[in-house]
Structure formats: structure tokens, C-alpha cells
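Engineer: what shape does this take:
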Amino acid sequence: MREKIYFIFVFILFSFSLWGQNSLIEDKKSQTYLQDRYNNEIYVNKRIVKKDFIIEICNNTSDTIYLFDSYLTPELIKSKYIHRYNADVEKCKLSTLPLIPYLSVKLSDVIILGKDKIVKRYKTLYSFTPINPHCEIKLAIPLDVLNNNYKILDFEVKDKGSFDEIFFESINIDQKCSNIIIELAIYQKIDLLVSKEAYYLDSEKFEEQAKSFDVLAINFH
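Structural biologist: Residues are numbered from 1 along each chain as shown. Sure thing, here's the model as predicted:
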């Protein structure tokens, strides 16, 4: 299976803040050169391999793009807050788009364990995987994660600012989702999002960049 993406993104296979943590991204220290298989575009290849849904993101542009990967860990990918149901399109979403009110560039001293820390302030860092020009990375999402329950109503992530509170609304779905959309956030610039100075001293521009991502939507069914 292959989906062709007509907008330009940048991914980098290096995490700015998840040092020492497990990731669902394979081979974080190396990237595969594409050898001009594609012409100046971003492609997504997808397939099922054993117990994983494999997503290959291929960047054949001349720019580096950045994948927001804060939730792409074996723990946080299971959080109910990113397994949501969109009533408008009647589809389930595994949405790894940034929940801006709860992300930070510095963790607080109080330690909270478990996947629910995703909605606690100052408990999850902004983290990114760069994808170099003419390279590709692989993301392996366990199939049992995709078969999770989707009981949170979807909402527009970009409507929530740094100082807002998100009120997650529960919803009951009669049947299991047969069509799931996986949402990934792609950034062209992240210089402010990895800067403590910008976070504390230039909050307006920081938030503007935090909301500047494009959405890469991948169907799983």
C-alpha cells in the first residue's frame, strides 16, 4: 500500500528530548537514503508486518522536516486521550497531534508515571524526529494499539492554546471501529519549540510555532 502526499513536510530521525526512552520509530540513529526513487515529494508506504502496522515516511525533498514524536512511545501511544472518535466523519482517530496545553520544554520536579501523564502539565516534553532530505524512516505501531477503545470525542487541537484547559468528552460507540485514521504532526521549523528561552520569554511566537504543524493522515482499515 502506498499513499502519495502532495504537500512538503520534513522529518528528522533524531529526538531532541526523548533521550533514553523507548520509541516506536525504528533505527533512530540511522536513516535510509532513497536514491532518487521519488521526485521531490513526500511519500507514505504502509503495510502490516506480523503484529505491527508499519508506516514508512519518505522525504525526497531538499529540506529537512520534523515529526512530532512525543507520544510515539510504547507507553503514551496507549493513552485514551489520543484515541478519539470524530462524529462528523464517523471515524476513529489515533491522533498524535500535540496537546499544546500539556507540553513543555522542561519537566516539573514532581514525577508522574503512567500514560495519563499526557494530560498533566509539565509532564511531557516537546520531542521531534528529523527526517533528512532524500531519506526515509519507519514507524511501527502495534496492531493491538489500533484495536484500542475510542471513547473520547475528537476536537480541533489547534483551538487549544498553552494556557487553556482541555475538557475531554466521553462518547459511547456501539461497535468497534473498522476504519481508523492515524494522525501525525509534521513541522517545517522547530527552533522555538526546543528553546527554554522562547518558551518563557516569547510565549506568543512559541505558541504560533507550536500550532504551525501540518497533519499527515494515514488510513488503517
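
Engineer: the closest residue to Lys151 other than its chain neighbours: how many residues sit nearby?
Structural biologist: With sequence-adjacent residues excluded and distances taken as CB to CB, 6 or more residues apart in numbering, Lys151 is closest to Ser170, at 5.6 Å. The C-beta positions use only the backbone N, C-alpha and C, and glycine is treated the same way. Counted with other CB atoms under 10 Å, residues neighbouring Ser170 total 9.

Engineer: quick check, Ser170 in contact with Ile152.
Structural biologist: Yes. Between Ser170 and Ile152 there is a contact under CB atoms under 8 Å: 6.5 Å.

Engineer: endpoints of stretch 81-92, how far apart?
Structural biologist: End-to-end distance for stretch 81-92: 12 Å, by CA to CA, to the nearest Å.

Engineer: that one: which residues count as buried?
Structural biologist: 81-85, 91-92 (16 or more other CB atoms under 10 Å).

Engineer: one more: stretch 137-155?
Structural biologist: Buried, per 16+ other CB under 10 Å, within stretch 137-155: 137-142, 146, 148, 150-152, 154.

Engineer: same thing with stretch 180-190?
Structural biologist: Neighbour-count burial for stretch 180-190 flags 180-187, 190 (criterion: 16+ other CB under 10 Å).

Engineer: and for Asp52, nearest residue in space, chain neighbours not counted?
Structural biologist: Ala140 (4.3 Å).

Engineer: just say helix, strand or coil for Ile218.
Structural biologist: Secondary structure, DSSP: H, G, I helix; E, B strand; the rest coil: Ile218 is strand.

Engineer: picking up where we left off before, can you pull the pLDDT of the residue nearest to Asp52?
Structural biologist: Note for Ala140: predicted pLDDT of 95.

Engineer: elements contacting the host helix or strand of Ile181?
Structural biologist: Secondary structure from DSSP states H and E places Ile181 in strand 180-187. Strand 180-187 is packed against strand 52-59, strand 65-68, strand 91-95, strand 214-220, with contacts defined by 3 or more CB pairs under 8 Å, 6 or more residues apart in numbering; DSSP states H and E.

Engineer: can these go into a markdown table with extra columns for distance to Lys117 and mean pLDDT?
Structural biologist: Listed next are these as a markdown table, based on distance: least, CB to CB, whole Å; pLDDT from 0 to 100:
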| stretch | distance to Lys117 | mean pLDDT |
| --- | --- | --- |
| strand 52-59 | 25 | 93 |
| strand 65-68 | 17 | 95 |
| strand 91-95 | 17 | 94 |
| strand 214-220 | 24 | 91 |
